[in-house]
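> Test case, fold it:
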Amino acid sequence: MDSLRKVIQGHEIWVLAEGSHGHPGHRVAGRVFYGHAMHPDGLADLARLKALAVGPGQETAEVSFEEGKRDFHLVVFTPEREGVWTLAVEYDVGPLVITRDGQYKRGTRRDYPDARKAAYYYQFAKTYIPVGYLGHERGHGHGHQHGYHELADHSHCGFNQPQPVPHQHGHNHGHHHHRDGFSFLGHQLEIAAWPGFCRKGQEVTIEVRYRGLPLLDANLCTTWSFYEKRRYPYQVKTGPDGRAVIPLRAEGHWLFYVRHEDSQVAREGEYDQKIYSATLTIFGVR
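Numbering: from 1, shown residues only. Okay, the predicted model is just below:
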């Protein structure tokens, strides 16, 4: 099946706000894309998605999905207070195999004992959404290639990131961590940025964690929405602190992506490894 082949070969989800900011008491939406390197290619299976919206005071808002027809699904919530909200989406793809004769199938080694590869796939996506003007007047610029509003010249780079939140996800393990301005929700594989909103020409520090600890030598891949090729033009390895500094050299929405394979969490007779992906977007760099 083509969609299974795409997952195995490296397609991922990412979530991007529908506009530059929201308002308390009003609907805020994120677009959940599926594809590669910020180029949509089909839709994620809506039944396998779940989401969480976390506010600046650790509160959560009820979220719901609206099924998309073409390039994305919507995830919608109504924030009740101003501040920076984190919108997180998870995609439980499940166990997939490549059979001995090279077919891509949903299932485990119990179903296909002689499979070439059997792995469990799970994906995480995250973005930051400012709610309210947060002390800065902000207008709307010209339309973007995906129809989003741009930030005004008073970029909200450097605003405080989301505050720590209690661990919410049933699938995940570990506790929330918050240090040096970075905010983590406790996903198995997770990317955080500081600052979370930036201008062109600034540098952003990205931290990658796996099971709550900084991930050394992760291959952090980066692209932006106006880059036309279907690949990641910038890749860098994380250091011992799980971090890498990325210069934001172009305007547009930026995407950070990492994929991690772990054979230590194999389940005997079912799959040989778990393969996680995580993405983080930064809206409207200009």
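> Against Arg100, how distant is His73?
35 Å (CB to CB, to the nearest Å). Just so you know, the C-beta spots here come from the backbone N, C-alpha and C atoms, and that holds for glycine as well.
> between the two, who's got more neighbours?
Neighbour totals were compared for His73 and Arg100, and His73 leads with 23 against 11 (other CB atoms under 10 Å).
> Return the residues in contact with that one.
Arg31, Val32, Leu43, Ala44, Leu46, Leu49, Phe65, Glu66, Glu67 (CB atoms under 8 Å, 6 or more residues apart in numbering).
> The fourth one against Trp14, yeah?
No: the pair Ala44 and Trp14 fails to qualify as a contact (CB atoms under 8 Å) at a distance of 10.2 Å.
> so the nearest residue to Gly42 once chain neighbours are set aside bridges to which residues?
Leaving aside its chain neighbours, Gly42 sits nearest to Tyr34 (5.7 Å; criterion: CB to CB, 6 or more residues apart in numbering). For Tyr34, the beta-bridge partners are Ile13 (DSSP bridges).
> ok, now which ones touch Tyr34?
Counted by CB under 8 Å, 6+ apart, Tyr34 has contacts His11, Glu12, Ile13, Pro40, Asp41, Gly42, Leu43, Ala44, Phe72, Tyr91.
> how close does it sit to Val285?
23 Å.
> Comparing Ala44 and Trp14, which shows the higher neighbour count?
Trp14 (30 against 25).
> and that one, how far is that from Arg31?
Taken as CB to CB, the span from Trp14 to Arg31 is 9 Å.
> Tell me if I'm right that Trp254 and Tyr234 touch.
No: using CB under 8 Å, Trp254 makes no contact with Tyr234, being 9.9 Å away.
> Tell me the secondary structure at Val75.
strand (DSSP: H, G, I helix; E, B strand; the rest coil).
> ditto for Phe197
coil.
> can you check Arg5 too?
helix.
> what about it, how many neighbours?
13.
> repeat for the one 3 residues further on
By other CB under 10 Å, the residues close to Ile8 number 16.
> Can you give me the pLDDT of it?
Listed pLDDT for Ile8 reads 79.
> next one: phi and psi at it?
phi -60, psi -40 (degrees, to the nearest 10).
> likewise Gln264?
Residue torsions, per degrees, to the nearest 10, at Gln264 are phi -70, psi -20.
> Report the contact partners of Lys274.
Ala119, Tyr120, Tyr121, Tyr122, Glu261, Asp262, Val265, Ala266.
> contacting residues for Asp41?
Lys6, His11, Tyr34, Gly35.
> what's the spacing between the second one and Thr222?
From His11 across to Thr222, the span is 17 Å (CB to CB).
> how many other residues sit next to Pro233?
13.
> now do Gln264
Gln264: 7 neighbours (other CB under 10 Å).
> before we move on, what about Lys229?
By other CB under 10 Å, neighbour count at Lys229 equals 9.
> Once you drop chain neighbours, what's closest to it?
Ala37 is the one closest to Lys229 (CB to CB, 6+ apart), at 7.6 Å.
> What is the burial count for Arg230?
Arg230: 12 neighbours (other CB under 10 Å).
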